[in-house]
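>>> Sequence and predicted structure, then a few things I'm wondering about:
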Amino acid sequence: MTLANPSELAQSHPGNLQPEGWLRYFSFSLDHKVIGIQYLVCGFIFYLIGGALAGVIRTELASPMADFVSRETYNEVLTLHGTVMIFLWIVPVVNGGFGNYLIPFYVGARDMAFPRLNAVAFWLIPPAGILLISSYFLAGAAAQSGWTAYPPLSLTTPAAGQVVWILSVLLLGGSSIFGGINFIATILKLRRPGLGLMQMPMYCWAMLGTSILVVLSTPVLAGTLIMLSFDIIAHTGFFNPALGGNVVVYQHLFWFYSHPAVYIMVLPAFGLVSEILPIHARKPLFGYVTMVYSIMAIVVLGLIVWAHHMFTSGTPPWMRLFFTIATSFIAVPTGIKFFNWLATLWGGKIALNSAMLFACAFIVNFVFGGITGVALAQVPFDIHVHDTYFVVGHFHYIVYGGTVFVVFASLYHWYPKFTGRLLNEDLGRLHFLLTFIGFNLCFAPQHWLGLNGMPRRVAEYDPSFTTLNQVSSVGALLMAISTIPLLINVVLTAFKGDIAGDNPWNALTPEWLTSSPPPVENWLGEAPLVTEPYGYGHTPDKEPSNPSVNQVA
Amino acid sequence: MTSLSNLADSNLSGSDLPDSELTKSNPHPTDHAPSHGDFRLFGLATFLVADGMTFAGFFAAYLTFRAVNPLPEGSSYELELLLPTINTLILIVSSLTFHQAGKACRANQLAKARTWLMVTGGLGVAFLASQMVEYFSLPFGLTDNLFASTFYALTGFHGLHVTLGVICIAIVTLQTRSNGRITATDHFGLEAAELYWHFVDGIWVVLYGILYLL
Ligand code: HEM
Ligand SMILES: [Cu+2]
């Protein structure tokens, strides 16, 4: 394979270069790279909104009484925070954002399988988000029943806000399903001839597994929420005990989606981190095959563990037994991935830049959240801490310490690809330091609070919990401050950052074998065939050893 | 926008044709080349898996309700069987007639295909009509009890699918007219509608078994 001199080709096909101008980011663009950036920026705006809501929560909890906001407002803020962070930030960003940008590169395609569907999937998100947040102002009261919307609570809180919440989540679910279909088709059907499944970069496998979960589980949530909205609007009694309905059925259906949903949030992060670690450690990804099988094992197991969220919902003993065992089993494939990442780092020539700092911190945080997860899977322990701050600590270690840390790592890693400029390292390290300290300060104490019995989802608490809550709030303040260097960095760099060159990390994966930012067709010549995406370290650090990419270096 | 349509052209890659040839042979920038018709069917099939999971959720809810939630005095799970059985037959036959339409189309007998399509669409309408008759003769309404609600939710959701299917059949029928979009070699619309219709019929058979027979 040869790559023509890019500048020559650029002259002969002027129309093939990216249309200039930022306006295309506000258009119904079909370019997967534009859509990817749209997801990322849109998601980041919602991250700031969700973060502001978290600020309200932590300010309220800095003192034992509900003195900052009323209890009703607290519940609205809490519900909006969870819903925004999950459905408008994490899921769209690690799936739609990085997925759209990277997957076509990784499979050697010029776009996703269904570009129009892709654009539709993205454009469902802003209206859904605006709808959700505006319910706070328009419907009189936003939903107050948490991101889980358990009935009968969701049937007794103000109806208008709850209905808007359902509508918004349905739109976001639709977006997610369209995206999942597109990823499955792209990865399975659009691979460049010659590229085998077991030669794909790991993120492709992660997105394939994630998309299978999306397609199998999200529709169940949609059906469940439609039934819930019937209960609210038409006064049917599906989940209304007063009308002979059954609340536990709602919980089963909800968690049939929402446990897989935690993997929809974390599997793509596993994939992204598997791309970042080898490049900055200059070593091949350890245990490629076991990585692939672990992802698939997590997909299968992830579909049969949902009732571990329901150990206190009157589940019969056999069900508790089954779900405890199945859940504990998930630790096996997860542990395999964990040790593979460590082995990838072992003896590597590690560049501890911002991307790598966040990626390594991910490993630390994630293993901690994984351990508390396995603890929670044990019924006797879970009965003690269910619905306490211990659970809040657990899932923030995974969702924030895991996925959000990887999002930041990915931002530092791929920003040069998006813009052609390198983010500033000093600001990046400051961002990392503040985030890492703030995060641990915020969420580690919540495990103690939970073990000592502080319930979650309350605006007021026993004064004996005050000190730890204040530590947690200080941590939250640090996390809020940490976004300042990040924002400065991202905005300033876009205009006057150091020019990155096409391949600043000397990487082998196909997205780097083209200009930065890439042309509309991704590569000016034919798509490169990269059969060994992690071939680092054969000839230490100088020439990439992969024959198919020699001309590029 | 020119470069965008260029882009849409080139995303046909994954085929071994060089992009330039694909661009030439494919007049609609965002349509897929004929050789990739099955590609879109693959996408549709994936969507139908998702759709099937929605039904699976409803079925699971229904079966659990039925197993653990007693109905109030005087109501029961028994349903009149005659009409739904006729409905089941109607849908099964309509699947066969759609299959005939597909076969005729592939054999380049478009007129025949159109006739079979019209028969299929007619059967679909007959199904919806008889479903309406059933609805109005039932002794319970949407909110009467848990069974009634689940019954209407399931059959209503399925009825929506049938309605959508009938609309698709009508569109496809129009497209088989001379110089229409559907030809013996390019008939993605017909194949997609057929796949969807078989799916909707299959769901009905499961629904009939669970809701009426069980
Ligand atoms: C080794 C893997 C994991 C195990 C064994 C595990 C186990 C558990 C258990 C048993 C609970 C229920 C606690 C309770 O409510 O009493 C729970 C809650 C939760 N987990 Fe995990 N988990 C694991 C990984 C994850 C991952 C990867 C994520 C997200 C990316 C996650 C997110 C959550 C969330 C959001 C909740 C709380 C849901 C709520 O009630 O609002 N977990 N986990
Ligand atoms: Cu779970």
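Thanks, I have the structure now. Numbering: from 1, shown residues only, chains lettered A, B, ... in the order given. Ligands and ions are numbered 1, 2, ... in the order given.

>>> from memory residue A:294 sits against residue A:336, does it?
Yes. If you go by Cβ atoms under 8 Å, residue A:294 and residue A:336 touch, sitting 4.7 Å apart. Every residue, glycine included, has its C-beta placed from N, CA and C.

>>> Compare those two and say which one has the larger neighbour count.
Neighbours per residue, other Cβ atoms under 10 Å in any protein chain shown: of residue A:294 and residue A:336, the larger number sits with residue A:294, 23 against 18.

>>> What is the neighbour count of the closest residue to that one other than its chain neighbours?
Leaving aside its sequence neighbours, residue A:294 sits nearest to residue A:333 (Cβ to Cβ, 6 or more residues apart in numbering or on different chains; 3.6 Å). By the measure other Cβ under 10 Å, the count of residues near residue A:333 is 21.

>>> ok, residue A:333 to chain B distance?
23 Å (Cβ to the nearest Cβ, to the nearest Å).

>>> same check, this time on residue A:316
Look at residue A:316 and chain B: by Cβ to the nearest Cβ, they are 11 Å apart.

>>> Report the buried residues of the top helix by length along chain A.
Longest helix in chain A by number of residues (criterion: DSSP state H): helix A:247-281. Of all the residues in helix A:247-281, those buried under the rule 16 or more other Cβ atoms under 10 Å in any protein chain shown are A:247-281.

>>> after it, next one along is what?
helix A:288-302 (DSSP states H and E).

>>> Let me know whether that following helix sits next to ligand 1.
No. For a cut-off given as Cβ under 6 Å from any ligand atom, helix A:288-302 has no contacts with ligand 1; the smallest distance is 8.8 Å.

>>> before we move on, what SS does whatever residue of the stretch 1-150 of chain A ends up closest to chain B have?
When scored by Cβ to the nearest Cβ, the stretch 1-150 of chain A has residue A:111 as its residue closest to chain B, at 3.3 Å. Using DSSP: H, G, I helix; E, B strand; the rest coil, the structure places residue A:111 in coil.

>>> Check the gap between it and residue A:272 for me.
21 Å (Cβ to Cβ, to the nearest Å).

>>> Please apply the same query to residue B:102.
43 Å.

>>> contacting residues around residue A:389?
A:446, A:447, A:449, A:450, A:454, A:455, A:456 (Cβ atoms under 8 Å, 6 or more residues apart in numbering or on different chains).

>>> Recalculate using a threshold of 7 Å.
A:446, A:449, A:450, A:454, A:456 (Cβ atoms under 7 Å, 6 or more residues apart in numbering or on different chains).

>>> The first one reaches residue A:469, doesn't it?
No. Residue A:446 is not in contact with residue A:469 according to Cβ atoms under 7 Å; the separation is 8.8 Å.

>>> What count of nearby residues applies to residue A:451?
15.

>>> Find the nearest non-adjacent residue to it, please.
Per Cβ to Cβ, 6+ apart, closest to residue A:451 is residue A:390, 5.9 Å.

>>> mind checking which helix or strand that neighbour is in?
helix A:389-398.

>>> before we move on, back to that, okay, and which of the contacts of residue A:389 map to helices?
A:446, A:449, A:450.

>>> Could you dump those into JSON lines and include distance to residue A:312, neighbour count and pLDDT?
Shown next, in JSON lines, are these (distance: Cβ to Cβ, whole Å; neighbours: other Cβ atoms under 10 Å in any protein chain shown; pLDDT from 0 to 100):
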{"residue": "A:446", "distance to residue A:312": "19", "neighbour count": "25", "pLDDT": "97"}
{"residue": "A:449", "distance to residue A:312": "19", "neighbour count": "23", "pLDDT": "97"}
{"residue": "A:450", "distance to residue A:312": "14", "neighbour count": "23", "pLDDT": "97"}
